[in-house]
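> Sequence first, then the predicted structure, then my questions.
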Amino acid sequence: MTYRGRFAPSPTGRLHFGSLVAALGSWLRARSEGGAWLVRIEDVDHVREVAGAREDILATLDAFGLVPDEPVIRQSGRDALYEEALAQLVSQDLAYACWCSRSDLMPFAGMHPRHCVAAPIPERTPAWRVRVPDETVCLDDQVRGRFCQSMRDEIGDFVVRRVDGAYSYQLAVVVDDSAQRISEVVRGADLLDSTPRQMLLQRMLKLPTPAYLHLPLALDAQGRKLSKHEQARTVDAGDPIPALRLAAAFLGQPVPPATSIDRFLRTAIDDFDISRIPRSTCGDAALRKD
Ligand code: GLU
């Protein structure tokens, strides 16, 4: 099978250093495998979307020379596919309507809200949850090794369609990774925790499970994840080389000389070696090692 990788940013702000690490890491992996690299805009959650962020992220990727091989897809407008997946789960009794409000669930810490199943409340719209099996789901991450999670004890029945009608990230990502025939998912380690849920959904929907490779997370000086809504460390589309060099160093790769973007990227592909990617989450110290 030919390698197909992807970068799937949510348009919640401008591209920050952590997203650049995921973009460069997934791009280098796809290129070094001679495969395709796709970009998908994960705008399934309209509430968190920031106007202009999608255009900004795509323009920044372009300025960095990270150009997708196929047209960019957006999750908005793909609801019919997510709806079909939910219907499939419901028809097999693997998902159910949950009429609990947040406060109803409070005593259960969000876990096992099955007591709400049989109690439709006319003035409410239900959320839809997956009925998780009493089972531990494990993956063998390409960088971090084995990671296991008990679906019932650590996750509980999770939402696949919210009360406001929005499909969840977990469902949309599984449908789209399959629709785009992604063979390996390369992304930040903050999503390692979501992977067993995604593998469970793949199995329930009879979809293939891709390989997974989780990259170290870029943290700020306080050890918090850098996220797009924090203004800190958004990358400068006008001056890509310094950020690309930092991102390559952060991924444990040799840092190509600061020549043109094209030459930088070509050298980075030739030198790319996944065994050099650090396993653990790295803080600012790693950013200064260049
Ligand atoms: N859209 C997610 C994010 O921006 C990434 C999802 C993924 O790579 O699976 O955090």
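Structure received. Because the structure is a prediction, the values reported are computed rather than measured.

> The residue in the chain sticking out farthest from the centre in helix, strand or coil?
Each residue of the chain has a distance to the centre, and by C-alpha atoms, centre = their mean the biggest one is for Pro122: 35.3 Å. Following DSSP: H, G, I helix; E, B strand; the rest coil, we place Pro122 in the coil state.

> Same question for Ala258.
Ala258 - assigned by three-state DSSP - is coil.

> In terms of helices and strands, where is the nearest residue in space to it that is not next to it in sequence?
Nearest residue to Ala258, sequence neighbours excluded (C-beta to C-beta, 6 or more residues apart in numbering): Ile241, at 4.9 Å. Where you see a C-beta, it was placed from the backbone N, CA and C, and this is true even at glycine. For Ile241, the host element (DSSP states H and E) is helix 240-250.

> Identify all contacting residues around that helix.
17, 20-21, 24-25, 63-65, 216, 218, 235-236, 254-256, 258, 261, 264-265, 268, 282, 286-287, 289-290 (C-beta atoms under 8 Å, 6 or more residues apart in numbering).

> Among those residues, which are located in helices?
Phe17, Leu20, Val21, Leu24, Gly25, Ala63, Ile261, Phe264, Leu265, Ala268, Ala286, Leu287 (DSSP state H).

> and the residues you listed as a markdown table, adding neighbour count, distance to Glu33 and pLDDT?
What follows is these, written out as a markdown table (neighbours: other C-beta atoms under 10 Å; distance: C-beta to C-beta, whole Å; pLDDT from 0 to 100):
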| residue | neighbour count | distance to Glu33 | pLDDT |
| --- | --- | --- | --- |
| Phe17 | 18 | 24 | 91 |
| Leu20 | 26 | 20 | 96 |
| Val21 | 24 | 18 | 95 |
| Leu24 | 28 | 15 | 98 |
| Gly25 | 28 | 13 | 98 |
| Ala63 | 16 | 24 | 97 |
| Ile261 | 15 | 21 | 96 |
| Phe264 | 21 | 19 | 97 |
| Leu265 | 21 | 15 | 97 |
| Ala268 | 23 | 14 | 97 |
| Ala286 | 19 | 25 | 41 |
| Leu287 | 17 | 27 | 42 |
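
> Which pair of the residues you listed spans the longest distance?
Of all pairs drawn from those, the greatest distance, 24.0 Å, lies between Ala63 and Ala286 (C-beta to C-beta).

> ok, now which ones touch whichever residue of the stretch 151-290 of the chain sits closest to the ligand?
Evaluated by C-beta to the nearest ligand atom, the stretch 151-290 of the chain has Arg187 as its residue closest to the ligand, separated by 3.6 Å. For Arg187, the contact set (C-beta under 8 Å, 6+ apart) comprises Phe7, Ala8, Ala22, Ser26, Leu213, His214, Leu215.

> That's all I had, so thanks and see you.
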